[in-house]
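S.K.: Pasted the sequence and its predicted model underneath.
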Amino acid sequence: MMRRKRSKLEVYLEVLRVVSRGESKPTRIMYKTNLSWVPLQEILEFLVSQGLLEEVELERRKEYFITEKGRQVLAYFKSMTELLPYEIAENL
């Protein structure tokens, strides 16, 4: 069975979801979200620039943590998918 390509929004939300569940290291985030390295770096950079993730450098390695704004965005989209019929939510 072939899966459809995820939208940019879906990928961003998946990264936020994975980080909110405790993954903070880029390599672990990459594996959990099924992304390759370069796109993940661009996504992390964007999410940090929007204030949704915080980048912390620990012993010369970067780790990422979700901010309160990031939690609010996740909660907002979760409530949206609960309000919308399943078919519409699937296409977001």
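M.R.: Noted; the coordinates are in hand.
S.K.: CA atoms for contacts and neighbours, from now on please.
M.R.: OK.
S.K.: In this structure, which residue is most central in space?
M.R.: For the chain, the residue lying nearest the average C-alpha position, counting by C-alpha atoms, centre = their mean, turns out to be V15 (1.9 Å).
S.K.: roughly how far apart are that residue and L84?
M.R.: Counting by C-alpha to C-alpha, to the nearest Å, the separation of V15 from L84 is 22 Å.
S.K.: With F46 instead?
M.R.: As judged by C-alpha to C-alpha, F46 and L84 stand 27 Å apart.
S.K.: So for these two, which sits in the more crowded spot?
M.R.: F46 (14 against 11; other C-alpha atoms under 10 Å).
S.K.: State the helix or strand in which that one lies.
M.R.: F46 belongs to helix 37-49 when elements are defined using DSSP states H and E.
S.K.: With E55 instead?
M.R.: Under the criterion DSSP H and E, the helix or strand holding E55 is strand 53-58.
S.K.: Tell me what angle that strand forms with helix 37-49.
M.R.: Compare the direction of strand 53-58 with that of helix 37-49 by axes from the mean of the first three to the mean of the last three C-alpha atoms, to 10 degrees and you get 110 degrees.
S.K.: Mind listing what's buried along the helix holding F46?
M.R.: Neighbour-count burial for helix 37-49 flags L40, I43, L44, L47, V48 (criterion: 16 or more other C-alpha atoms under 10 Å).
S.K.: In CSV: these, plus pLDDT and distance to R60.
M.R.: Rendered in CSV, the data for these read as follows (pLDDT from 0 to 100; distance: C-alpha to C-alpha, whole Å):
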residue, pLDDT, distance to R60
L40, 98, 19
I43, 98, 20
L44, 98, 17
L47, 98, 21
V48, 98, 18
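S.K.: This structure: strands as residue ranges?
M.R.: 53-58, 61-66 (DSSP state E).
S.K.: and among these, the most buried is which?
M.R.: Across those, averaging neighbours per residue (mean count of other C-alpha atoms under 10 Å) puts strand 61-66 on top, at a mean of 18.
S.K.: circling back: surely the residue nearest to the centre of the chain touches T33?
M.R.: Yes. V15 is in contact with T33 according to C-alpha atoms under 8 Å; the separation is 6.4 Å.
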